[in-house]
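# what's the 3D shape of this:
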Amino acid sequence: MDFKDSRILVTGGSRGIGRAIVEAFARHGARTAFTYRSSADVAEALKEQVKGLAFQCDASDFAAAEATVNAAVEQWGGLDILVNNAGITRDGLVMRMNESDWDHVITTNLKSVFNYSRAASPTMMRQRSGRIINISSVIGLTGNAGQANYAASKSGMIGFSKSLAKEVAARGVTVNVICPGYVETDMTNTIHKKIKEQIMNAIPVRRSAMPEEIAASVLFLASHDASYITGQVIAVDGGLTM
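Purely as a prediction, here's the structure:
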């Protein structure tokens, strides 16, 4: 795949799946930008590695999202690909979940998708081309005990994406969703060994995904080969949800 001079912005791009996406596009010639909220040293090192742009901001902040997109567009003269990847978890049973844990997950995971899509779509529509790819989760398809807030945010992303896809399709902009399954990241590495074994037993291919495998799916949806695909949800989960 050739993304030479394509302009891409990834939210939550300094770690895990987001970082793998940034690195993959950079290897294929894209001009990359990413957002991050903490760990400035990590972000700065990635910025130097990919020779890209880095923006420290809270993805749930509407004004900050608009300023970030505008800065990238001003730097590059446009924006071709937006990957909404920023996300957090605040797990707990509903009966014990406090309001802040609910609000924080919904605003970070779901409102951020609105924020950046709202900011980026006018530029893409003027260009009559663009790709918006939203990183949801298999939990958004199946639900999970102790993750009602996370499931609601990830399921909401799917409904939002299908609606936006219908709004922008006539202007050459596609919107799709990827639902990763269990992926090896810093976050999942903290899961207890016994629980991890149970998860592996539920996955038909009997292994977890690497972040690079999720990134490969994003590259496909961003490519010309996927120009006729929009409003779709692709589970990259080793068969977990089939």
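# And the strands in this protein?
7-10, 31-36, 53-56, 81-84, 130-135, 173-180, 233-236 (DSSP state E).
# pLDDT score for the residue positioned nearest the centre of the chain?
Nearest to the geometric centre of the chain sits N85, at 2.1 Å (Cα atoms, centre = their mean). At N85, the pLDDT value in this model is 98.
# just K193 next, same as before
79.
# Tabulate the strands of the chain in TSV, adding columns for mean neighbour count and distance to T107.
The way it works is simple: take the backbone N, C-alpha and C, and place the C-beta from them, glycine included. What follows is those, written out as TSV (neighbours: other Cβ atoms under 10 Å; distance: least, Cβ to Cβ, whole Å):
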stretch	mean neighbour count	distance to T107
strand 7-10	28	19
strand 31-36	26	15
strand 53-56	18	18
strand 81-84	28	13
strand 130-135	26	16
strand 173-180	25	19
strand 233-236	18	22
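# Now do V183 against T107, distance only.
23 Å (Cβ to Cβ, to the nearest Å).
# now swap in P122 and tell me
According to Cβ to Cβ, P122 stands 22 Å off from T107.
# out of the two, which sits in the more crowded spot?
T107 (19 against 13; other Cβ atoms under 10 Å).
# Do a quick rundown of the helices in this structure.
For the chain, the helices defined by DSSP state H cover 16-27, 40-50, 62-76, 99-105, 112-127, 139-142, 148-168, 193-202, 211-222.
# So which of the ones you listed has the densest surroundings on average?
The highest average neighbour count among the helices of the chain, using mean count of other Cβ atoms under 10 Å, belongs to helix 16-27 at a mean of 23.
# which residues sit against that one?
Outside helix 16-27, the residues that touch it by Cβ atoms under 8 Å, 6 or more residues apart in numbering are 3, 6, 8, 10-13, 32, 34, 46, 49-52, 81, 83, 85-86, 135, 180, 183, 185-187, 210-212, 214-216, 218-219, 222.
# Sketch out the low-pLDDT regions of the chain for me.
For the chain, the stretches flagged by pLDDT under 70 are 187, 190.
# make it 90
Across the chain, residues meeting the criterion (pLDDT under 90) sit at 1-2, 38-39, 184-199, 242.
# measure the residue in it sticking out farthest from the centre to G146 for me?
No residue in the chain sits farther from the centre than M95, which is 29.0 Å out by Cα atoms, centre = their mean. Remark: distance between M95 and G146 (Cβ to Cβ) = 11 Å.
# What separation is there between the residue nearest to G140 when sequence neighbours are not counted and V50?
With sequence-adjacent residues excluded and distances taken as Cβ to Cβ, 6 or more residues apart in numbering, G140 is closest to K154, at 3.0 Å. Distance, K154 to V50, by Cβ to Cβ: 27 Å.
# is it true that the residue nearest to the centre of the chain touches I8?
No: in this structure, N85 is not within contact of I8 by Cβ atoms under 8 Å, at 11.4 Å.
# hmm, back to that, for the residue nearest to the centre of the chain, list the residues it contacts.
10-13, 17-18, 21, 135.
# on that earlier part again, can I get the helices of the chain in CSV with distance to V233?
As requested, those are arranged in CSV below (distance: least, Cβ to Cβ, whole Å):
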stretch, distance to V233
helix 16-27, 16
helix 40-50, 28
helix 62-76, 23
helix 99-105, 20
helix 112-127, 14
helix 139-142, 8
helix 148-168, 6
helix 193-202, 20
helix 211-222, 11
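# For A235, which of these is the nearest?
helix 139-142 (6.7 Å; Cβ to Cβ).
# got the contact list for that closest one?
Applying Cβ under 8 Å, 6+ apart, the set of residues contacting helix 139-142 is 147, 150-151, 153-158, 179, 233, 235, 241.
# at 6 Å what do you get?
147, 150-151, 154-155, 158, 179, 241 (Cβ atoms under 6 Å, 6 or more residues apart in numbering).
# for stretch 220-239, same thing?
Contacts for stretch 220-239 (Cβ under 6 Å, 6+ apart): 1, 81, 131, 133, 138, 158, 162, 165, 169, 174-181, 203-205, 214, 217, 241.
# Thanks again, I'm all set now.
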